[in-house]
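> Provided below are the primary sequence and the corresponding predicted coordinates.
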Amino acid sequence: MPKVPARIRKAVFPVAGLGTRFLPATKAMPKEMLTVVDRPVIQHVVDEARAAGIEHFVFVTGRNKGVIEDHFDRQFELERTLAERGKSKELASLQQDLPSAGQTSFTRQQSAQGLGHAVWCARDIVGNEPFALLLPDMLHFSSQPCLSKMMKAYEEVGGNLIAVSPVPEDQTQNYGIVGVDDLEKDVSEITTMVEKPKPADAPSNLHITGRYILQPEIFELLEKQKPGAGNEIQLTDAMLGLLERRDQKFHAVRFEGELYDCGSKLGFLMANVAYGLTRDDLGEPFRAELGRMLSRGA
């Protein structure tokens with residue numbers, strides 16, 4: 001009888017980045033708190049993790065990120081004011097989004113040494129168990145949440161999983177790319193990983209989209225990992241090292257939906273449009289206003 005993989009209870013969110021591409025907006029506000037419609041980017045990503053059954057949310061933060069911690073805490077004065085004014089719908093929404101006591105942890109990445117270093121900073125909180133990793137910049141827009149699909153695949157294949165999506169073959173140099181044993185499968189075994197390969201050197205056109213399920217052995221490699229591209233500790237390098245050990249498998253899970261890179265201005269704007277159009281309270285009037293704007297050539 002096949003061994004049942006250990007349950008995924010915890011998710012790590014690296015939120016220590018400076019957000020320089022959004023200055024001056026991010027001078028005093030973390031980029032993760034910029035809103036897509038009326039919810040911060042980080043809230044959308046936490047919503048995805050919660051929908052997948054995650055119970056403990058681990059945030060790797062940096063300086064000036066205290067507002068993220070405040071966002072996932074109760075604000076008694078606001079709650080009292082909403083109750084006194086009869087704004088029960090708004091109050092219920094706040095309470096629904098609030099993690100339960102003890103479900104959030106915050107740890108500091110005290111120096112900007114890359115994504116791999118940020119993940120390593122969560123090692124003591126994660127402990128010796130598999131975990132999910134979600135990059136908050138990347139919003140996965142789909143009827144089936146990306147991490148939920150990955151969790152179902154994990155129950156079948158175990159090990160390590162990476163969400164992937166195809167990109168034009170002439171753009172592979174902009175992404176981390178994986179090679180797989182079968183390009184036709186929805187869940188396929190990964191044979192190699194390459195960080196930003198030239199099109200001629202790319203093993204496929206499947207790029208890593210910022211969602212992972214990883215085994216705790218990754219921390220051992222990250223602790224000893226030498227700086228790679230950009231003189232930073234690269235997560236891809238550590239994952240490749242784990243893959244080459246051959247005692248654990250990696251599988252690619254195809255994400256079927258739209259990706260919005262909210263670390264870029266264009267991606268952020270497009271995310272607001274996409275999420276706004278699907279809202280029951282905003283979709284139709286928003287669509288009409290966009291049509292009028294486009295008809296004027298604005």
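Structure received. Numbering: from 1, shown residues only.
> in the stretch 151-298 of the chain, which spans are strands?
For the stretch 151-298 of the chain, the strands defined by DSSP state E, counting those that start in this stretch cover 160-166, 176-180, 187-195, 206-214, 250-254, 258-261.
> how about the ones you listed, which one is nearest Ile54?
strand 206-214 (10.9 Å; CB to CB). Using the backbone N, CA and C atoms, a C-beta is placed for each residue, glycine as well.
> tell me what the closest one is packed against?
On a contact count with 3 or more CB pairs under 8 Å, 6 or more residues apart in numbering; DSSP states H and E, strand 206-214 meets strand 131-134, strand 138-141, helix 146-157, strand 160-166, strand 176-180.
> at 6 Å instead, please
Identification of packing neighbours for strand 206-214 by 3 or more CB pairs under 6 Å, 6 or more residues apart in numbering; DSSP states H and E yields strand 131-134, helix 146-157, strand 160-166, strand 176-180.
> neighbours around the nearest residue to Lys249 once chain neighbours are set aside, how many?
Distance criterion CB to CB, 6 or more residues apart in numbering; nearest residue to Lys249, sequence neighbours excluded, is Gly159 at 4.2 Å. Residues near Gly159, counting by other CB atoms under 10 Å, number 19.
> one more: the one 5 residues further on?
Number of residues near Val164 (other CB under 10 Å) recorded here: 25.
> equivalent analysis for the one 3 residues further on, please.
Neighbouring residues of Val167 were enumerated by other CB under 10 Å; the total is 18.
> and if you look at Arg21?
13.
> now do the SS call for it.
Three-state assignment for Arg21 (DSSP: H, G, I helix; E, B strand; the rest coil): helix.
> picking up where we left off before, same list (the helices and strands packed on strand 206-214) but as JSON lines, adding mean pLDDT and distance to Glu223.
Output for the helices and strands packed on strand 206-214, formatted as JSON lines (pLDDT from 0 to 100; distance: least, CB to CB, whole Å):
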{"stretch": "strand 131-134", "mean pLDDT": "98", "distance to Glu223": "16"}
{"stretch": "helix 146-157", "mean pLDDT": "95", "distance to Glu223": "24"}
{"stretch": "strand 160-166", "mean pLDDT": "96", "distance to Glu223": "17"}
{"stretch": "strand 176-180", "mean pLDDT": "92", "distance to Glu223": "21"}
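> comparing the ones you listed, which comes out most buried?
strand 131-134 (a mean of 25; mean count of other CB atoms under 10 Å).
> note down every partner strand of that one and its orientation.
strand 10-14 (parallel), strand 206-214 (antiparallel) (DSSP bridges).
> now what about that strand, what contacts it?
Ile8, Lys10, Ala11, Val12, Phe13, Val45, Ala49, Arg211, Tyr212, Ile213 (CB atoms under 6 Å, 6 or more residues apart in numbering).
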